[in-house]
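S.K.: for reference, the sequence and a predicted model appear below.
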Amino acid sequence: MADRIEQITSAATPEPPGNIYTQALKVGDRLYLAGQTGNGPDGNIVSDNPYEQTIACFQNIKNLIEAAGGTINDIVKLTVYLVDMAHRPDLGRARNEFFPGRKPCSTLLGVKALAAPEYLVEVDAEVILGAGG
């Protein structure tokens, strides 16, 4: 029998308005996260600073993983979207703060735009719960 799909939610990373997609789905020990943007727990963008937006992305990811019973060390793959490659150092700085040791696999894409003009970065993740030690 196949594993069932379970929606994971966190009050610290609210679901999007209008029920247009789900932030996180768990299937067995796998967790798939929608792209996270620089929004805080109140749903508003944290700032127009690319470093601060990236920190918010990683914090949202961490909140959802913890709500599923895992840790940020369980991330195996990140996909990062930047609207300006000049922000790559900000991404690297934030990534090193959240992942001081082993880093997840990662793909970085430069994109023309994200879902809203104020978004500078978006990050999604694939997680294997319990695999991070």
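M.R.: Noted; the coordinates are in hand. Computed from a prediction, not measured in an experiment: that's the story for all the values here.

S.K.: what about the longest helix seen in the chain, average pLDDT?
M.R.: The longest helix of the chain (DSSP state H) is helix 50-67. Average pLDDT, helix 50-67: 98.

S.K.: buried ones in it?
M.R.: 50-67 (16 or more other Cβ atoms under 10 Å). Backbone N, C-alpha and C define where each C-beta goes, glycine included.

S.K.: what distance do you get for residue 112 to residue 75?
M.R.: Using Cβ to Cβ, to the nearest Å, residue 112 is found at 27 Å from residue 75.

S.K.: quick one: which of those two has more around it?
M.R.: Between residue 112 and residue 75, counted using other Cβ atoms under 10 Å, the more crowded position is residue 75 (27 against 5).

S.K.: I figured the more buried one hits residue 58, correct?
M.R.: No - if you go by Cβ atoms under 8 Å, residue 75 and residue 58 don't touch, sitting 9.6 Å apart.

S.K.: can you tell me the SS state at the nearest residue to residue 132 once chain neighbours are set aside?
M.R.: In space, and not counting its chain neighbours, residue 132 is closest to residue 73: 2.9 Å by Cβ to Cβ, 6 or more residues apart in numbering. Under DSSP: H, G, I helix; E, B strand; the rest coil, residue 73 falls in the helix class.

S.K.: and for residue 73, the neighbour number?
M.R.: Using other Cβ under 10 Å, residue 73 is surrounded by 15 other residues.
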